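S.K.: Give me a 3D structure for the following:
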Amino acid sequence: MQYPLTLALSLILLAPGAAPASAQQGVARGPVSAPRDAELEKQSMHNLEVARYYFKKIGKKEKKVNKSAEDRLLEILDTDPTFAKLDEVHFLLGEVYRRGGEPEKAAANLNKVVKDYPDSIFAAEAKKRIEELAAQTPRKKEN
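M.R.: Now for the predicted structure:
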């Protein structure tokens with residue numbers, strides 16, 4: 001008579017606190033990170049698109065255009081430090097500062113791309129820009 005044995009096994013498996021074998025989970029894969037706020041991500045993406053537009057816009061009002069792009073990019077950094085495209089934000093900000101004649105700020109942002117996002121599609125171009133800035137920056141003579 002196997003019926004009582006089957007009943008006993010089913011009672012053990014369905015006991016409170018016991019999870020069925022199919023519900024067991026193994027080791028988590030990948031790094032655990034906080035989920036991104038979808039609305040904030042959407043706003044940041046909009047700001048990035050506007051900054052790209054301003055960055056590409058070339059004309060007589062270049063200083064004003066650079067300032068507009070800079071403002072949008074800085075807003076992203078201030079409001080959304082977990083934005084998915086921070087590598088592009090820092091790269092564009094470095095380019096804006098390079099165009100605007102602020103090599104120290106440009107180098108800081110471009111170095112951030114190289115160090116913090118080495119696998120980024122912007123990393124190689126950022127390295128090239130850093131080398132260009134270094135070549136353009138006059139070195140202080142040592143006595």
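
S.K.: lowest-confidence helix or strand of this protein?
M.R.: Using mean pLDDT, DSSP states H and E, helix 3-13 stands out as the lowest-scoring helix or strand of the chain, at a mean of 51.

S.K.: For the very next helix or strand once past it, buried residues please.
M.R.: Going down the chain from helix 3-13, the next helix or strand is helix 38-56, by DSSP states H and E. Within helix 38-56, the residues that count as buried by 16 or more other Cβ atoms under 10 Å are 43-44, 47-48, 50-51, 54-55. Just so you know, the C-beta spots here come from the backbone N, C-alpha and C atoms, and that holds for glycine as well.

S.K.: Outside of helix 38-56 itself, list whatever touches it.
M.R.: 65-66, 68-69, 72-73, 75-76, 79-80, 83-85, 88-89, 92, 95-96 (Cβ atoms under 8 Å, 6 or more residues apart in numbering).

S.K.: next helix or strand past the one helix or strand residue 96 maps to?
M.R.: Assessed by DSSP H and E, residue 96 sits inside helix 86-99. Following helix 86-99 in sequence order, the next helix or strand is helix 103-116 (DSSP H and E).

S.K.: Give me the buried stretch members for that next one, please.
M.R.: 103, 105-107, 109-114.

S.K.: Kindly indicate which of the buried residues of helix 38-56 lies nearest residue 35.
M.R.: Checking the buried residues of helix 38-56 against residue 35 with Cβ to Cβ, the nearest one is residue 44 at 14.8 Å.

S.K.: Could you tell me how far the closest one is located from residue 132?
M.R.: The gap separating residue 44 from residue 132 is 28 Å, by Cβ to Cβ, to the nearest Å.

S.K.: Does the closest residue to residue 36 other than its chain neighbours belong to a helix, a strand or coil?
M.R.: With sequence-adjacent residues excluded and distances taken as Cβ to Cβ, 6 or more residues apart in numbering, residue 36 is closest to residue 82, at 5.6 Å. Put simply, residue 82 is coil when judged by DSSP: H, G, I helix; E, B strand; the rest coil.

S.K.: Alright, I will stop here.
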